[in-house]
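Student: below are the sequence and a predicted model for it; my questions follow.
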Amino acid sequence: MLNLRYITIKQKLVLMQVFTSIVVLFICFVFFVITHVNEYKDRKVESMHSLAGAISSNVLSALQFEDREAARNILMDLRKVAPAVTNAAILTETNQFFAGYTRAGSDTFKFDHHNITEAPEFTEDFLFIYHLISDSTEVVGTVCMRSELKELKTLKVKQFEMAFLILLCGIGLSFLIAIWATPYISNRLLHLVTTMQEIRLTADYTKQVNSEGTDEISALSFEFNNLMDKVKENLQKKDEFISIASHELKTPLTTIKSYVQIMESIQPDPAQNAMIRKTLESVNRLQQLIYDLLDVSKIQSGQLQLDETIFNLEDPIRETIAGYQVISREHQIIFKSDKENVEICADRRRIEQVMINLLSNAVKYSPNGKEVHVEMETDVRSVKVTVRDFGIGIPRDEHPYVFDRFYRTKGNSTLVPGFGLGLYICKDIITRHQGKIRLLDCNPGTAVSFTLPLDGRDSTNDST
């Protein structure tokens, strides 16, 4: 059974128009056929009544003088004037048989005098006509005729054949018109849906759709544009607040960090020194969050600048690995490279930031893992760096969203601290370097790879 929930709006409109056309054409053709059949019946009854009236006038004297042979001869003329009449009879005033006629090749038929009436009677195959024979004063008999309805059957067949052919042509024409006309509605809805999908994937809330017109789709488009304006306005206010708050927190936090570092250097008591180190770790996490928020603010305002220089990509990767190896002693970070001295033109500090974020995620999201693999591969035009852990992984259906701002995986976001900014910042940095970053399918764990062009152009299509 067709489920309308799972077909497109265009298909629904086509089906609705075709179905409506079928219903309307069917009703029209039923009325058309019934009208023609009734007209034929009326003509047939009128013709047979006229014939019966003529026989009645001619047979009156034969009936009065009881001349059965004359009456039979009059009925025999039906062979020429009415070949469709199969049986005819003259009855007396007491409904007794007086004279009869049976067409050659037809069965003998006896008229039931108990059912004689002046009204015509139709059966499936025959028409029965009864006409009273009377002189000026009294009824002296009845003319009875039975006429076959082959013409009516032929008429019905032709009418239904014509109706069927016209119905097929009407359905085809309706289908073509529907296919031609429905895109005006469906394309506008599809454009609105496509715009929504683009906004969901790109987070570009400046996109608008054409809302000209006064129909319901135009009203929907108008409200959609208003909604996007409100979303954009709220995002701007939020970004402004994050930017202002981050700048205001940066200075006092730097002062706090300096005092805590001084206290750590002069505090001889090991117990108190351990608490100071914990405090310093918390301050460092808070400082990193503020730096991430500042980077997000710069990204949103288009002010994130790159200081590009030529350097060996392996150097910042090894330095970052060495730093994290000290911090995370539970994990062994293994680095492999297929080539030494891979020079690129990029912002070294920002590439280090990408590596720090990727290694931080790899360590945090693999608490039970023992290894983190970092691999660098090069080809003629690009270099690819992959960071893989063997931890809890990310569900496949969430892969398209992990690089969105503030997005955190649904199942693991409560287990690991964070704000969902790291991969968003990484994506922007790599994109600004004309590179690409993506999540790879692997099991167990998670793998993130990014590619950078060796010649400063976007040449990562083949290598990714």
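Tutor: Yep, that arrived.
Student: quick one: the strands in the stretch 251-400 of the chain, in order.
Tutor: 309-312, 332-337, 343-346, 371-378, 382-389 (DSSP state E, counting those that start in this stretch).
Student: wait, which of those strands is closest to Met162?
Tutor: Closest of the strands of the stretch 251-400 of the chain to Met162 is strand 382-389, at 71.0 Å (criterion: Cβ to Cβ). (C-beta placed from N, C-alpha, C; glycine too.)
Student: which elements pack onto that closest one?
Tutor: Using 3 or more Cβ pairs under 8 Å, 6 or more residues apart in numbering; DSSP states H and E, the elements in contact with strand 382-389 are helix 348-364, strand 371-378, strand 447-453.
Student: picking up where we left off before, any idea which of the strands of the stretch 251-400 of the chain is most buried?
Tutor: strand 382-389 (a mean of 23; mean count of other Cβ atoms under 10 Å).
Student: just checking: what are the partner strands of that strand?
Tutor: Sheet pairing for strand 382-389, assigned by DSSP bridges, gives strand 371-378 (antiparallel), strand 447-453 (antiparallel).
Student: low pLDDT regions in the stretch 51-200 of the chain?
Tutor: Along the stretch 51-200 of the chain, the parts satisfying pLDDT under 70 run over 113-115.
Student: wasn't Gly172 part of a strand?
Tutor: No: counting by DSSP: H, G, I helix; E, B strand; the rest coil, Gly172 falls outside a strand, being helix.
Student: that one: neighbour count?
Tutor: Gly172 has 12 neighbours, counted by other Cβ atoms under 10 Å.
Student: what about the helices in this structure?
Tutor: 9-64, 68-76, 78-81, 150-181, 183-202, 216-266, 270-301, 314-327, 348-364, 422-432 (DSSP state H).
Student: identify the residues contacting the last one?
Tutor: Judged by Cβ atoms under 8 Å, 6 or more residues apart in numbering, the contacts made with helix 422-432 from elsewhere in the structure are 292, 295-296, 299, 304, 306, 347, 350-351, 353-354, 357-358, 360-361, 402-407, 436-437, 448, 450-452.
Student: and with 7 Å instead?
Tutor: Residues outside helix 422-432 that contact it (Cβ atoms under 7 Å, 6 or more residues apart in numbering): 292, 295-296, 299, 304, 306, 350, 353-354, 357-358, 360-361, 402-405, 436-437, 450.
Student: quick check: mean pLDDT across that helix?
Tutor: Mean pLDDT, helix 422-432: 89.
Student: and that helix, what's buried?
Tutor: Buried residues in helix 422-432, defined by neighbour count with 16 or more other Cβ atoms under 10 Å: Gly422, Leu423, Tyr424, Ile425, Cys426, Lys427, Asp428, Ile429, Ile430, Arg432.
Student: about what we covered before: any chance of the strands paired with strand 382-389 in CSV with distance to Thr123 as columns?
Tutor: CSV is the format used below for the strands paired with strand 382-389 (distance: least, Cβ to Cβ, whole Å):
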stretch, distance to Thr123
strand 371-378, 92
strand 447-453, 86
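Student: to Glu124, which of these lies closest?
Tutor: Glu124 sits nearest to strand 447-453 of all the strands paired with strand 382-389, at 81.0 Å, using Cβ to Cβ.
Student: just want the angle from the closest one to helix 348-364.
Tutor: Strand 447-453 and helix 348-364 are oriented at 170 degrees to each other (axes from the mean of the first three to the mean of the last three Cα atoms, to 10 degrees).
Student: dump strand 447-453 to CSV, keeping only the CA atoms.
Tutor: C-alpha atoms of strand 447-453 as CSV (Å, rounded to 0.1, in the frame of the first residue of the first chain):
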residue,chain,number,x,y,z
ALA,A,447,41.2,9.2,14.0
VAL,A,448,41.4,12.8,12.8
SER,A,449,43.5,13.8,9.8
PHE,A,450,44.4,17.1,8.3
THR,A,451,46.2,17.9,5.0
LEU,A,452,48.2,20.9,4.1
PRO,A,453,49.5,21.8,0.6
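Student: for that strand, the distance to its chain's centre please.
Tutor: Centroid displacement of strand 447-453 relative to its chain, using Cα atoms, centre = their mean, to the nearest Å, is 35 Å.
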